[in-house]
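J.: Build the 3D model from these lines:
(2 chains)
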Amino acid sequence: MKHIVSCLVENKPGVLARISTLFAARGYNIDSLAVGETDDPTVSRMTIVVRGDEKILEQVEKQLNKLVDVIKVWEYSSVEHIERDLALLKVSADKKNRSEIIQIVDIFRADIVDVSHNTVTIQITGDEEKIKAFIDLVKPYGIKELVRTGVVAIARE
Amino acid sequence: MTLKTGAEIFIECLIKEKVEVLFGIPGGVVLPIFDKLYDSPIRFILTRHEQGAAHMADGYARSTGKVGVCIATSGPGATNLTTGLATAYMDSVPVVAFTGQVATNLIGNDAFQEADTTGITRPITKHNFLVKDVKDLSIVIHQAFYIAKTGRPGPVLIDIPVDVQRAKCEPIHPEKIELRSYRPTIKGHPVQIKKLADAINQSERPVLYVGGGVIISGAHNELLQLAEKAEIPVTVTLMAIGSFPPDSPLYLGMLGMHGMYWANMAMQNADLIIAVGSRFDDRCTGKLSSFAPKAKTIAHIDIDPTSISKNVPAQIPVVGDAKNILSELVKIVNKKKHTDWLKQIEKWKKEKPFGYKNDDKLRPQFIVDKVNEITKGTAIVATEVGQNQMWAAQFYKPKYPRHFISSGGLGTMGYGFPASIGAKIGNPDKTVIDIAGDGSFQMNIQELATAVVNKVGVIVCILNNSYLGMVRQWQQLFYNRRYSAVQLCTHAKRPDSCPAPDFVKVAQAYGAEGLRVEKKEQVVPALKKALKIKNKPVIIDFIVEEEENVFPMVPAGAALDEIITSLV
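T.: Predicted coordinates:
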């Protein structure tokens, strides 16, 4: 079971290490981790995607809360929310198949952000399923490089 | 504006935090601090190893309830502290540790005696700080003391680079510490407390399962009131020995792996378990899947939410301070009798009584029994780890909290002796005894020098069986008596070996008093003699039966009621 956990933390050196140490020491698996400053520069927001049952999730939330530098922790499975992941893919493309790839990009409302003689670089945003479906479709053309930001999430009002 | 150096600010903060004594060893990058300590009013105890300093601070903290403080230099000084920090962390002991660090411009350059101290200690401290600017120093020190002693207490480490100790600023000493990210819950939720009171009122077979949290929060009086008002039997973990009057008819003693048969049976047959400041450690629960099968409800009072439902799901969780919650709970529970339940427990007590073979041989249990008898349970007893620790837990019955000091969570051999020194320094008017094994004692034996030089009169009772006894016991019971690497050859009278070491001579060489006891009738005179010697450590080398075992015993991975009470 996948869970998206968000936490507000003090924007200080060593905080990321505290959190990753905690996950490693307790044997929790992180799928992805995204960190950035919030509107308050003294506070950072981390979005952590973690796998495990309800018991593990409960411990993850409690253990995160226990860290002195963590201000607030919450989880999104019971809340209506929007989640986004961003991927950049460098895909092999020659004259023959470039237009095919562009069609797929259009269908997914992705963007081509760079083109060369034998590659296109695509930017796609969406939830994990959309990105996974897109990757599956372009895989046969040859993915030379793939980079993802990890999921970030926000609750609906 | 008066500018002060980091080292001066360090002293000023410690005085403001009412620190009376500091344990540690100097070194290159803490010289500015030691220069200021030279004419400060704070007592400094120079130890012989940094691990000793950390355990002394820990023993001081556990026995007094105050924060224990220790200091070491960078690199090896800091790494030597780590066992002591991990010990304090597992048992929730308020300790503040200071380490020197190489100058800020050298950090990360593999400088001489550089180690990533905050990185190394992150998983074994409640929190830690690296102070890179002298302007932060005073606030960080006050925050560290606040974090160490509030909520679920624990060790906090502050790493101070040498240039920060020399740099100057005007220190700020805030009136009150507030951290937006750290606000421990103290008051229990009234709805949860009411639920718990209802469960107690309806229960036929309740048990209070009490842990170290009761001692930390000073909730022993409230615990007694609750137990007596609702007539609930009380079993304690290793960490909670001393939290309940041992002569009370409601007292069941310690539970778990080496706990009392009837305490374990009470847990397995209770319909309501009320855990207070305990954490369902595997040494207490035995096999989790067969733990407390008849319990309809498990209630758990704890200040640390992560302890609740970690190992055993709690139907009634109450987060908060034990003293606060128990005092509310006492007010609303009904006065009640549980005559049938207590009768059943009495039956278990008669079914498999607890004791030891009281023949003419010198057995370790007899020695602890006599320590208890002579001191009437008023001495502070520290223990090492292993068989000596379990015998101390079973036979020493302290009358008060903070009188039984033992490394429970981490099980640190070598803990007891330095911890007893720290306890004696914090309680100079009390008798302090370390129940030791010949193995554990050798792990911090060098602190004999610290005790002699500082005139610390602790008594070390070595239950010398010439073995790493607990490991030998497991090898005997579960590895077909194949004694692999457990023989220590410390018996002075073994015809086939030279004693290594002769503890009496070691004591004398250090300037301590050394006594040897080989016969049962010598035990009481030796203890009485040791109690008369003041201002000097006394080592009593008790040459005990080599293959004595700790019983009862629940084998690892067995259920609490699958208990071995003896070999025959």
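J.: tell me the average confidence for the helix or strand that contains B:R472?
T.: Assigned by DSSP states H and E, B:R472 falls within helix B:469-478. Averaged across helix B:469-478, the pLDDT comes to 96.
J.: can you pull the buried residues of it?
T.: For helix B:469-478, a neighbour-count test (16 or more other C-beta atoms under 10 Å in any protein chain shown) marks B:469-473, B:475-476 as buried. Glycine gets a C-beta too; all of them are placed from N, C-alpha and C.
J.: now those residues in TSV, with distance to B:A449?
T.: Output for the buried residues of helix B:469-478, formatted as TSV (distance: C-beta to C-beta, whole Å):
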residue	distance to B:A449
B:G469	26
B:M470	28
B:V471	28
B:R472	30
B:Q473	32
B:Q475	34
B:Q476	36
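J.: Dump those residues to CSV, plus distance to chain A.
T.: As requested, the buried residues of helix B:469-478 are exported to CSV (distance: C-beta to the nearest C-beta, whole Å):
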residue, distance to chain A
B:G469, 31
B:M470, 26
B:V471, 26
B:R472, 32
B:Q473, 30
B:Q475, 30
B:Q476, 33
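J.: So which elements touch the following helix or strand past the helix holding B:R472?
T.: For helix B:469-478, the following helix or strand on the C-terminal side (DSSP H and E) is helix B:503-510. With contacts taken as 3 or more C-beta pairs under 8 Å, 6 or more residues apart in numbering or on different chains; DSSP states H and E, helix B:503-510 sits against helix B:447-453, strand B:513-517, strand B:538-543.
J.: wait, what's in contact with B:K399?
T.: By C-beta atoms under 8 Å, 6 or more residues apart in numbering or on different chains, the contact list for B:K399 reads B:242, B:245-246, B:376-378.
J.: of those residues, buried ones?
T.: Buried members of the contacts of B:K399, counted by 16+ other C-beta under 10 Å: B:242, B:245, B:377.
J.: SS state for the second one?
T.: Local secondary structure at B:P245 is given as coil here, using DSSP: H, G, I helix; E, B strand; the rest coil.
J.: didn't it look like it was pressed against B:Y251?
T.: Yes. Counting by C-beta atoms under 8 Å, B:P245 touches B:Y251, with 6.5 Å between them.
J.: looking at the helices and strands packed on helix B:503-510, which is buried most?
T.: Across these, averaging neighbours per residue (mean count of other C-beta atoms under 10 Å in any protein chain shown) puts strand B:538-543 on top, at a mean of 26.
J.: Could I get the average pLDDT for the longest strand along chain A?
T.: Assignment by DSSP state E gives strand A:81-92 as the longest strand of chain A. Confidence for strand A:81-92, expressed as mean pLDDT, is 97.
J.: now the angle between strand A:81-92 and the following helix or strand past it, please.
T.: Later in the chain than strand A:81-92, the nearest helix or strand by DSSP H and E is helix A:98-107. Going by axes from the mean of the first three to the mean of the last three C-alpha atoms, to 10 degrees, helix A:98-107 is angled at 180 degrees with respect to strand A:81-92.
J.: in its sheet, what does the helix or strand just after helix A:98-107 sit against?
T.: Next along the chain after helix A:98-107, taking DSSP H and E as the criterion, comes strand A:111-115. For strand A:111-115, sheet partners with direction are given as strand A:119-126 (antiparallel), following DSSP bridges.
J.: what does the very next helix or strand once past the strand it pairs with rub up against?
T.: Toward the C-terminus, strand A:119-126 is succeeded by helix A:128-138 as the next helix or strand (DSSP H and E). Helix A:128-138 is contacted from outside by A:83, A:85, A:87, A:89, A:91, A:101, A:104, A:108, A:110, A:122, A:124, A:126, A:143, A:146, A:148, A:151, using C-beta under 8 Å, 6+ apart.
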